[in-house]
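K.L.:
Here you go, sequence then predicted model.
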Amino acid sequence: MASSFNRVILAGNMTRDPEARALPSGQALTKFSLAINRAYTTKEGEKREEVTYVDVESYGKQAEIIAKYCSKGSGILVEGRLKLDQWDDKKTGEKRSRLGVVLENFTFLGSKPQGGDEGGSSRSRGNQDHSAPSASDTSDDVPF
């Protein structure tokens, strides 16, 4: 019997401000869209860029932190699992589907978030600050 593995790691920028709400159970839900850019060169030497947009949903404390500290343009690294949503279009009756990501862990990318001491990351192992190092954080001992 073959086993399954469903794991996604994406890094990109939020295309809009996160949408936060509470579920009937009281649990926080935050949804956002991530733009992931890929630059490449064609066989003819032409430089091109493609963008992939991915919908992400987060729950609980992580959803609260993302809603509080992120906005359009925020860089974030997302770890999670793929989820296929399926529904019938109310207007046309056609079957519709959308592939998205359910967030399990994340790390803020770029500068430290504004407004508090909660750190730049929320992980299942606890909050840690994984913000980008500043120039003052680097040492003179460069290994290369």
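P.N.:
Structure received.

K.L.:
Can you show me the helices along this structure?
P.N.:
Along the chain, counting by DSSP state H, helices occupy 60-69.

K.L.:
so where do the strands sit in it?
P.N.:
Here the chain has its strands, by DSSP state E, at 8-14, 19-22, 28-41, 47-59, 75-88, 95-109, 121-123, 126-128.

K.L.:
So which of those strands is the most surrounded?
P.N.:
Comparing these by mean neighbour count (mean count of other CB atoms under 10 Å), strand 121-123 ranks first with a mean of 21. The way it works is simple: take the backbone N, C-alpha and C, and place the C-beta from them, glycine included.

K.L.:
Do me a favour and average the pLDDT over that one.
P.N.:
Averaged over strand 121-123, pLDDT sits at 41.

K.L.:
repeat for stretch 56-66
P.N.:
Mean pLDDT, computed over stretch 56-66, is 97.

K.L.:
Give me the contacts around that stretch.
P.N.:
The contact list for stretch 56-66 (CB atoms under 8 Å, 6 or more residues apart in numbering) reads 18, 20, 27-34, 76, 78, 80, 83, 100-103, 105-106, 118, 122.
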